[in-house]
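J.: Next comes the sequence, and after it the predicted model I'd like to discuss.
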Amino acid sequence: MRHEMVSTLRPLLAAEASAEAHATGMEPSDLEQAVWLRLLERLEADRPLADPQEWLRRAVRLEARRGRRAARLELPYRGDPADDTRPGPEQQALLAARRRALHAAVRRLPGRCPRLMAALLSPQDLTYREIAGELGISQGSLGPERSKCLGCLRRLLAAEVAALEPRG
């Protein structure tokens with residue numbers, strides 16, 4: 001009985017869905033699938049159809065209205081999902097770990113180097129004049145002091161990296 005009803009309703013549903021789908025922006029097959037699902041739910045609940053053809057026409061129009069309503073309420077995605085120019089969560093975590101390791105190494109430097117390197121790494125992007133004023137040294141001695149501190153930092157980080165690498 002159900003198989004016969006499905007067989008007789010299939011051409012009508014295809015025609016109705018094709019006619020309504022264009023106005024909704026839906027694919028006719030999506031509209032058909034929604035109506036078949038609605039019919040299956042109704043038959044599973046043992047709610048018989050007095051006039052299957054009329055029910056089908058109403059169901060197609062109801063699903064078409066739902067499709068139009070959904071299309072009106074949906075907002076387009078403004079970003080590019082394939083945009084890989086920004087770092088993802090994994091890259092952000094790795095960058096944060098590197099930043100923490102660098103700042104920890106800077107704190108272990110000797111003399112004025114921790115303050116100088118912290119000023120150079122500052123997100124405020126200080127000028128040499130501002131850094132020299134903050135540290136109380138001449139602007140001319142800032143370059144050589146920076147070179148000395150970078151050398152110390154390089155040696156410190158090289159020793160840490162060498163100690164972490166497996167030997168074999």
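T.: Sure thing, it's come through. Residues are numbered from 1 along each chain as shown.

J.: use CA for all of it now, contacts and neighbours both
T.: OK.

J.: So residue 109: helix, strand or coil?
T.: Three-state call for residue 109 (DSSP: H, G, I helix; E, B strand; the rest coil): coil.

J.: That one and residue 124, how far apart?
T.: 22 Å (C-alpha to C-alpha, to the nearest Å).

J.: what does the helix or strand hosting residue 134 contact?
T.: Secondary structure assignment for residue 134, by DSSP states H and E: helix 128-135. Identification of contacts with helix 128-135 by C-alpha atoms under 8 Å, 6 or more residues apart in numbering yields 115, 116, 119, 120, 138, 139, 142.

J.: mind listing what's buried in that helix?
T.: Residues 128, 131, 132 are the ones in helix 128-135 that count as buried (16 or more other C-alpha atoms under 10 Å).

J.: next one: stretch 110-122
T.: By neighbour count with 16+ other C-alpha under 10 Å, stretch 110-122 contains the buried residues 113, 114, 115, 116, 117, 119, 120.

J.: In helices only, show me those residues.
T.: Counting by DSSP state H, the buried residues of stretch 110-122 place 113, 114, 115, 116, 117, 119, 120 in helices.

J.: Residue ranges in the protein under the pLDDT threshold?
T.: Counting by pLDDT under 70, the chain has low-confidence residues at 1, 79-84, 162-168.

J.: follow-up on the earlier one: may I see the buried residues of the helix or strand that the helix holding residue 134 is followed by?
T.: Moving toward the C-terminus from helix 128-135, the next helix or strand (DSSP H and E) is helix 142-164. For helix 142-164, the neighbour count (16+ other C-alpha under 10 Å) marks 142, 145, 146, 149, 150, 152, 153, 157 as buried.
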